[in-house]
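> This is the structure alone, sequence omitted:
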């Protein structure tokens, strides 16, 4: 077997310990100012950007994700810092959950660009995290009175459907095509997704 010439997760650059915070905070500002329709973000960039980061850089992304959500929490219309903390934890935990569930159940050696890889990524990496995570963070809005119970379920179904579709188009595409590029430059861990651009 040919030896890997790219670094494992412990050899990743130091910037992976601080860059996610900056990228996610800036992306949230962009989402709320330019990609919003009422209370809905047509493209919620922190979600679409953070998930590939978890697969490339691991658990170090989680605390930075939480801090980025908290630092920009006032943009969501929430004023209570305890509610903002809950919102931040729910948003970050949602994505982290998808990463952990996928790693635990689907395994790490799946060729993404295959029907099996596509279905596993949807089931374990996308669907569960959105069903659970969206329920939690929308609950933060209910606590503030922004949503009533009737509006809650409508928004929950809309946001969950949008997130799942965007994840399977954008996040899946990023992981399939950007992972090899980053690995060649030592910028992504090698213990996920064997030959992500090849079919099993």
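Perfect, thanks for sending it. This one's a predicted model, so the numbers in the text were calculated from it and none came from an experiment.

> Now do the strands in this protein.
36-37, 40-41 (DSSP state E).

> what residue ranges in the chain are flagged as low confidence?
Where the chain drops to pLDDT under 70, the residues are 1-10, 36-41, 76-78, 108-110, 144-149, 191-200.

> where do the helices sit along it?
Along the chain, the segments classed as helices by DSSP state H run 19-34, 45-57, 61-71, 81-101, 115-120, 128-144, 149-166, 172-184.

> Now do the second one: everything it contacts.
For helix 45-57, the external contacting residues (CB atoms under 8 Å, 6 or more residues apart in numbering) are 9, 12, 16, 20, 23-24, 27-28, 30-31, 35, 61-62, 65, 68-69, 91-92, 94-96, 98-99, 125, 163, 166-167, 170-171, 174-175, 178-179, 182, 187-189, 192-193. C-betas here are computed from N, CA, C, even on glycine.

> for residue 124, what are its contacts?
98, 101, 102, 105, 106.

> If you rank those residues by neighbours, which is first?
For the contacts of residue 124, the largest number of neighbours (other CB atoms under 10 Å) sits with residue 98, at 27 neighbours.

> picking that back up, comparing the helices of the chain, which stretch has the densest surroundings?
Greatest average neighbour count among those goes to helix 45-57 (a mean of 24), per mean count of other CB atoms under 10 Å.

> what angle do that one and helix 128-144 make?
Using axes from the mean of the first three to the mean of the last three CA atoms, to 10 degrees, the direction of helix 45-57 lies 140 degrees away from that of helix 128-144.

> For helix 45-57, what is the distance to the chain centroid?
Mean-position distance between helix 45-57 and its chain equals 5 Å (CA atoms, centre = their mean, to the nearest Å).

> same deal with stretch 25-44?
Centre-to-centre, stretch 25-44 and its host chain are 15 Å apart (CA atoms, centre = their mean).

> Can you check the distance spanned by it, start to finish?
Stretch 25-44 has an end-to-end distance of 12 Å (CA to CA, to the nearest Å).

> got the contact list for residue 102?
By CB under 8 Å, 6+ apart, the residues touching residue 102 are 120, 121, 124, 125.

> Make CSV out of those residues and add distance to residue 143.
Formatted as CSV, the contacts of residue 102 follow (distance: CB to CB, whole Å):
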residue, distance to residue 143
120, 35
121, 32
124, 30
125, 28
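
> ok, so of those, who is nearest residue 80?
residue 125 (31.9 Å; CB to CB).

> what number of residues lie near that closest one?
Applying other CB under 10 Å, we find 27 residues neighbouring residue 125.

> That one contacts residue 96, correct?
No - using CB atoms under 8 Å, residue 125 is not in contact with residue 96, being 11.4 Å away.

> from the contacts of residue 124, which is closest to residue 155?
Closest approach to residue 155 among the contacts of residue 124 (CB to CB): residue 98, at 20.2 Å.

> Quick check: nearest residue in space to that closest one, chain neighbours excluded?
residue 129 (3.4 Å; CB to CB, 6 or more residues apart in numbering).
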